[in-house]
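Colleague: can't give you the sequence, but here's the structure:
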DNA sequence: ATCTCTGGCCTCCGAC
DNA sequence: GTCGGAGGCCAG
C-alpha cells in the first residue's frame, strides 16, 4: 500500500488516504499518541498506575535481543504531553528517560508500518482576490476571491471568474474550485503558504462551506524552488523570488502585463478587462507548470520524499523532517529508539570548517585542485559517528575533540551507507539508459535525491531543532575534516608543492604538474589517510581525495571569492566555450546592483581570456563610470534588493546616546512603508529600493517602483559599482594603481562667509553632523555678526567641519539640543 | 508551523 | 578614521 496523504483529527481519528487500483480509498484508524520507555526502568508502582489509569489506552511490551521496550498508548495528545512534560502529579516519569514521545500519530503510523509514499496527482493553482483589500487582510480571508485558475501536468486547464459581487456567487466560485480539486491530491501555488492556501482556507470558512482542506497536500512552489534550486549562475537570477522574475530567468518569459494591484478594477469593468484578468490569472498558473517542466524540481522533491518517507507537502521540505523520518524508519526494526524531543535546547555553538586565507598574488597559473568526496558523510562513516555509539570507552577516537565512538555500527553511518549504495545503484541505472529518456530522468532524479538526503545529515546533527542534535558529534565531524585537510596541505608542502588555498574539503596547489599531483592524491588515499584512520582506531576507511580539476589561471580576491578558467575538469580539457568558474564574487550575489555585476563580469571574462593589458581594463571601467555618472539609468540597473528575513518589528533597534532610536536597515524602512501602503510584504519578500541620497546618514531611499530616473549616482559608483571590480583588478594586477576611479563625489569647498580663507593643510577638524546646516549658518551669522569658524561643505552634504573646536562644539551642540531657536525655515 | 550547519566578506550605522 | 555589531548572502 502506498500512502497519498494522512492526517490526525482533533477527535482522535487518523485518516489515511491511499489508492487501490487507481481508485482513492479512505481509511480511518485511531490516532496513536505513543511514548516508549525502557521496561526495566519502570517501577512497580508506576506500572500499576499505568495499568489502571484512564489516560492509558494500551500497554505493550516490544521485546528485542538487547532490550524490552514499553510502548504506552495514551488516550490523547494532552494525556501524553502531561505525563511526559507536565507538572506533578501527572508526570510519572520524572526519573526515567522516555523515547519518541513527541511523534505525531501520522509519523508514528508511517514508521510503524513502514508505509511507502505515493506519487500524488498534482495540480497548480493561482487566485486573484479583491485588490481593494490590503494584503494582510486578504490573507485573513477578508478579500473576495475574484477568480481562480488551475492547471495540471497533463495539459488540463480551467479558470473561473466571479459572476456578481455577492456572497452566493462567491460561494459558487469557491465551491467549484473545491469540486475541481477533487481530481487532485497535491496542490501547488507560488507563495501558497504565504497567500493562496491561507486565502482558500479562510475564505471557505467565511463563506460557510464545509470542506476539509486536510485531504490535500499543500506545497508552496516558491519555498520548494528556493530550497532545491541551486542552478543559478549569476546574481541576476537571485534578485527576486517574485513569480514574474523567476519565470523570466527560467523560461525567458514573464507574466501578462496587467497591474496585479488593480484586480478589482479589471473585474468590475467587465467585458474585455475582466477577460484580461482571467487570462492573466491562467497565465500565472501555467507558468508554474512550465517552471516545473523545465526544472523538474517538484519531481526531485517527490523522489526525496519517497526516499526519506515524508509526505510531499511544504513541511516535508525541511531536512530535519526528512532525516527524522528516514532514520526512525531504519531504527525501528533494530529496536533502537531515540530520546523524545520537546523543547529546543539552548543553542550550543560548535567549531566549523577550516578555511585557509588565500596565499595567491596576481593571476596564478596552473593551479591544481583536489577535493574530498562527500567529506562529512565519509567521516561519519569512518569514525562510526552516531548519537548512540558515542561512548567514553569507544575504540574510534576523534583526535581533534577527544570524543570516542564504539565499533558497533551506528544508525547514522548505517543510513549513510544505505543512501550511498542506493545512489550508486541509481547512477548506474541512469548510465545504462539512453540519455534524455524518461527512465534516464527518473534514475538521475533518484540519484540526486539520495545525494541531497545524505548531504543533509551533518547539518541535521548540528541543528538544535533535531532529535539527533549533538554539538560534540557535529564538531567532531568538522574538526576531523579540518585535520584531514591540514595534514594533506602539510604533506603537499613537504613534497615541494605550495598550497595557496583550502576551504573545508578542497585544496588548491601550485608548483606541480598534473601527473605528480595525481600520484600525490593516490598516495594520500593509499597511505596517508589509512594511517590516520588506523591510528585513531576506526572501523573502516571511507575517506577519499579526488583530483577534481586544474585552473589555467585563477585570481583570488579573498577567502571564498575567486574566479578561474579551467585547464581541465575531471580530466576533460577545457575548450574556448568553457565558462569561467566564479565563486562568491558580487557577480553571483542577488543583493548586488546590476551595474556592479555587469562591470565585474566584463573584467572577469577578459581576465579569463588572458588579457593583461591594463589599458583595456581602464577603458572598460572608464566607460561604465561615464555611464553610471552621466547617462540615463534604468530601474533594473540601479535597484538594490534584499530579503526581509523577519517581521519588521523584530529588527533590532538601539537607543542612541542622544535618546533617539538607531536607524533600521534600509530595506526594512522600505518594507515598513510598503506594509503601510497595503502592499504584499511578508517574511521572505525581497524588497527592492533605490538610494536617493547617500551624503546623509542614514541614507535616504525610495521604493523601487517609484523610481523616476533620479538616484545618487556618486554613491552608486563609489560604494556599489566600482569597489567589487576595484578589488578584483587590484587582486589580478596588484602592481597597477586602480584607485584613480575611486571617489567621484565632488567635495566642493566653499567658505561660508566671503572673505574667510580656509587654512591649507590644517590639522584634523572635528566633524559634526547637524540637522540643518543652512539654519545653523544663518543663526551663527545673525547672532555673532561674524562666523568665527570655517566650514567645509562637501557637495550636497550636511557634514560640517569646524576649525575652532572648543567654541564650535559648544555652539553646535546647543543648536542640536534645541537650545538655540532658529526662526528661518529656509532650506536647500 | 520554523527549523541543516559554520566561516567569511561586505555594507551601513553609530560610538569613540 | 577606526572599530564592532547587525544584517545579508554566499562557499562548502
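Modeller: Sure thing, it's come through. Just so we're clear, the structure is a prediction, and the values are computed from it rather than from any experiment. Numbers count the residues shown, from 1 in each chain, chains lettered A, B, ... in the order given.
Colleague: For the stretch 101-250 of chain A, give me the ranges with low pLDDT.
Modeller: Where the stretch 101-250 of chain A drops to pLDDT under 70, the residues are A:239.
Colleague: Could you pull out the strands in the stretch 251-400 of chain A for me?
Modeller: In the stretch 251-400 of chain A, the strands defined using DSSP state E, counting those that start in this stretch lie at A:355-356, A:364-372, A:396-397.
Colleague: Deepest-packed of the ones you listed, please.
Modeller: strand A:364-372 (a mean of 21; mean count of other C-beta atoms under 10 Å). Every C-beta, even on glycine, is put in place using the N, C-alpha and C of the backbone.
Colleague: Show me what residue of the stretch 401-550 of chain A gets nearest to DNA strand C.
Modeller: Using C-beta to the nearest atom of the strand, the single residue of the stretch 401-550 of chain A nearest to DNA strand C is residue A:504, 3.3 Å away.
Colleague: Hmm, that residue is touching residue A:485, no?
Modeller: Yes. Here residue A:504 reaches residue A:485: they are 7.4 Å apart, a contact under C-beta atoms under 8 Å.
Colleague: Which residues of the stretch 101-250 of chain A lie near DNA strand B?
Modeller: Contact residues, the stretch 101-250 of chain A versus DNA strand B (C-beta under 7 Å from any atom of the strand): residue A:227.
Colleague: and with 6 Å instead?
Modeller: Within the stretch 101-250 of chain A, no position lies close to DNA strand B (C-beta under 6 Å from any atom of the strand).
Colleague: Sketch out the strands for the stretch 101-250 of chain A, chain order is fine.
Modeller: A:116-117, A:122-129, A:145-152, A:157-161, A:186-189, A:217-220.
Colleague: ditto for the stretch 401-550 of chain A
Modeller: Going by DSSP E, counting those that start in this stretch, the stretch 401-550 of chain A shows strands at A:404-405, A:498-503, A:506-510, A:545-558.
Colleague: wait, does the helix or strand that the last one is followed by contact DNA strand C?
Modeller: Next in sequence after strand A:545-558, counting helices and strands by DSSP states H and E, comes strand A:561-569. No. Judged by C-beta under 6 Å from any atom of the strand, strand A:561-569 and DNA strand C are separated, with a smallest distance of 7.1 Å.
Colleague: Averaged pLDDT, strand A:561-569. What do you get?
Modeller: Summarised as a single mean, pLDDT over strand A:561-569 is 97.
Colleague: just how off-centre is that strand within its chain?
Modeller: 26 Å (C-alpha atoms, centre = their mean, to the nearest Å).
Colleague: buried sites along it?
Modeller: Buried residues in strand A:561-569, defined by neighbour count with 16 or more other C-beta atoms under 10 Å: A:561, A:562, A:563, A:564, A:565, A:566, A:567, A:568.
Colleague: Same question for stretch A:152-167.
Modeller: So for stretch A:152-167, counting by 16+ other C-beta under 10 Å, buried means A:152, A:158, A:159, A:160, A:161, A:162.
Colleague: between the residues you listed, which is closest to residue A:237?
Modeller: Taking C-beta to C-beta as the measure, residue A:237 lies nearest residue A:152 of the buried residues of stretch A:152-167, at 26.5 Å.
Colleague: which one is residue A:2 nearest to, not counting chain neighbours?
Modeller: Nearest non-adjacent residue to residue A:2, counting by C-beta to C-beta, 6 or more residues apart in numbering: residue A:118, 3.6 Å away.
Colleague: I'd like to know the phi and psi angles of the one you found, please.
Modeller: Residue A:118 adopts backbone torsions of phi -90, psi 160, taken as degrees, to the nearest 10.
Colleague: That one is in contact with residue A:20, isn't it?
Modeller: No. At 10.9 Å, residue A:118 does not count as touching residue A:20 under the criterion of C-beta under 8 Å.
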